[in-house]
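Trainee: after the sequence you'll find the predicted model.
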Amino acid sequence: MEANALVLSTSPHIKSIESVPKIMISVVIALVPTIAFSVYQYGPHVLYMYLVSIATCIASEYVVVRLRKRPISIADYSSIVTALLLVMVLPPEFPLFGVVLGAVVAIVIGKQIFGGIGYNIFNPALIGRAFLAATYPVFISSYNAPKMLVDAVTGATPLAMMKFDGVLTPLSGLFFGTVNGSVGESSAILLIVGSIYLFIKKYIKWRIPASIIVTVVVLGEIFHLINPTKYPGPVFHVLAGGLMIGALYMATDMVTSPITKRGCVIFGIGIGTLVMVIRLFGGLPEGVMYSILLMNAFVPLINRGTRPRIFGTGAANE
């Protein structure tokens with residue numbers, strides 16, 4: 001009788017071999033080349049930044065989860081991914097006490113205050129970075145030259161040099177990482193190599209980075225054709241600053257990005273458009289962080305507006 005019993009349960013009914021820890025470990029593996037290169041380029045202080053960030057994120061998550069009397073979630077490795085991404089969007093000589101503060105804000109305010117992993121609406125690492133940008137504006141804009149620096153000025157990023165001085169950084173330097181920049185954003189090739197691994201494992205929604213990059217290329221080419229002496233070409237915009245790390249590793253966050261295919265395209269176009277508006281017309285040389293956070297806020301509306309029609313019913317909005 002029990003063998004023939006009908007079991008009723010809620011969805012999902014299709015099981016998957018994937019798990020949160022497995023996905024997070026894969027992200028860490030994808031980031032290893034860039035992490036190793038950043039330590040080589042900027043020295044041991046960057047290694048200390050990674051270690052301090054990881055320790056602080058894990059400790060912060062443990063304390064908050066215990067205070068909330070919830071099951072310990074440290075084993076899902078999501079706090080480690082947040083810690084690594086936070087450091088990768090900071091200057092290489094950022095003070096360690098600032099790293100601690102940013103890591104606490106990323107976990108407590110960016111993640112746990114919403115209920116933990118799966119419930120946060122904003123990318124936690126970017127929340128931490130945004131807080132540090134407001135708290136320590138001098139530190140957040142101070143960049144040291146890497147070991148392999150070629151024809152650049154210590155303290156100025158390629159985007160800042162272009163926007164404020166009209167100096168265009170060679171594309172080869174942006175591609176291989178021989179320019180000033182945040183810890184993990186300077187080498188486009190290493191970020192791409194790591195993302196290929198995630199694309200193969202289907203952990204990245206390809207429509208998001210594709211729509212971001214295409215939007216940036218189109219808008220960049222339009223303004224470059226209008227005034228080539230003032231506005232750099234589209235390839236510069238793609239390789240410079242935090243666009244690659246933002247498009248490949250932050251905008252594609254499974255929790256804070258749309259769940260529908262059409263929504264992913266809208267999300268990406270929105271980010272790409274905001275990035276170009278800030279870069280070309282804003283007072284800041286970079287706008288990837290603010291663009292992603294702003295579009296994160298619109299994800300619930302994007303999901304609602306792009307949800308597929310249920311088979312056998314009328315229009316989705318009926």
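Mentor: Perfect, I can see it now. Please read these numbers as outputs of a predicted model, since none were measured by experiment.

Trainee: what about residue 276, which helix or strand?
Mentor: Taking DSSP states H and E as the definition, residue 276 sits inside helix 261-281.

Trainee: give me the helices and strands touching the next helix or strand after that helix, please.
Mentor: For helix 261-281, the following helix or strand on the C-terminal side (DSSP H and E) is helix 288-305. Under the contact criterion of 3 or more CB pairs under 8 Å, 6 or more residues apart in numbering; DSSP states H and E, helix 288-305 touches helix 124-135, helix 261-281. Any C-beta I mention is one placed from the backbone N, CA and C, and that applies to glycine too.

Trainee: in helix 288-305, what's buried?
Mentor: Under the neighbour-count criterion of 16 or more other CB atoms under 10 Å, helix 288-305 has 288-293, 295-296, 298-299, 302 buried.

Trainee: so which of these is the closest to residue 241?
Mentor: Nearest to residue 241 among the buried residues of helix 288-305: residue 288, at 6.3 Å, using CB to CB.

Trainee: for that closest one, give me its contacts.
Mentor: By CB atoms under 8 Å, 6 or more residues apart in numbering, the residues touching residue 288 are 241-243, 246-247, 271, 275.

Trainee: what do you get if the cut-off is 7 Å, keeping everything else the same?
Mentor: By CB atoms under 7 Å, 6 or more residues apart in numbering, residue 288 lies in contact with 241-243, 246, 275.

Trainee: burial check on residue 228, number of neighbours?
Mentor: Around residue 228 there are 10 other residues, counting by other CB atoms under 10 Å.

Trainee: can you say which helix or strand has it in it?
Mentor: Using DSSP H and E, residue 228 maps to neither a helix nor a strand.

Trainee: next one, pLDDT for it please.
Mentor: Residue 228 is assigned 89 on the pLDDT scale.

Trainee: before we move on, what about residue 144?
Mentor: The per-residue pLDDT of residue 144 was computed as 71.

Trainee: so where's the protein shaky on pLDDT?
Mentor: Counting by pLDDT under 70, the chain shows low-confidence ranges at 1-16, 72-73, 145, 147-156, 310-318.

Trainee: apply 50 and report the result again.
Mentor: Scanning the chain for pLDDT under 50 picks out the ranges 1, 150-153, 317-318.

Trainee: tell me which residue is most central in it.
Mentor: residue 250 (2.2 Å; CA atoms, centre = their mean).

Trainee: show me where the stretch 51-200 of the chain has its helices.
Mentor: 78-88, 96-108, 124-135, 137-140, 158-160, 171-176, 188-200 (DSSP state H, counting those that start in this stretch).

Trainee: what's the neighbour count on residue 307?
Mentor: Residues within reach of residue 307, counting by other CB under 10 Å, total 14.

Trainee: thought it was touching residue 259?
Mentor: No - contact criterion CB atoms under 7 Å: residue 307 and residue 259 do not qualify, at 8.6 Å.

Trainee: return the most buried member of the helices and strands packed on helix 288-305.
Mentor: helix 124-135 (a mean of 23; mean count of other CB atoms under 10 Å).

Trainee: so how far is it off the chain centroid?
Mentor: Put simply, helix 124-135 sits 12 Å off its chain's centre (CA atoms, centre = their mean, to the nearest Å).

Trainee: list the contacts of it.
Mentor: Residues contacting helix 124-135 (CB under 7 Å, 6+ apart): 82, 85-86, 89-90, 98, 101-103, 105-107, 109-111, 140, 250, 289, 292-293.

Trainee: then stretch 296-315?
Mentor: Taking CB under 7 Å, 6+ apart as the rule, stretch 296-315 contacts 121-123, 256-260, 262-263, 266-267, 270, 316.

Trainee: farthest-separated two in those?
Mentor: Maximum pairwise distance among the contacts of stretch 296-315 (CB to CB): 27.6 Å, between 123 and 316.

Trainee: more neighbours: these two, which one.
Mentor: Ranked by neighbour count (other CB under 10 Å), residue 123 and residue 316 place residue 123 first, with 28 against 12.

Trainee: for the more buried one, what are its contacts?
Mentor: Contact analysis of residue 123 by CB under 7 Å, 6+ apart lists 250, 253, 256, 292-293, 296.

Trainee: out of these, which one sits closest to residue 17?
Mentor: Nearest to residue 17, judged by CB to CB, of those is residue 253 at 21.3 Å.
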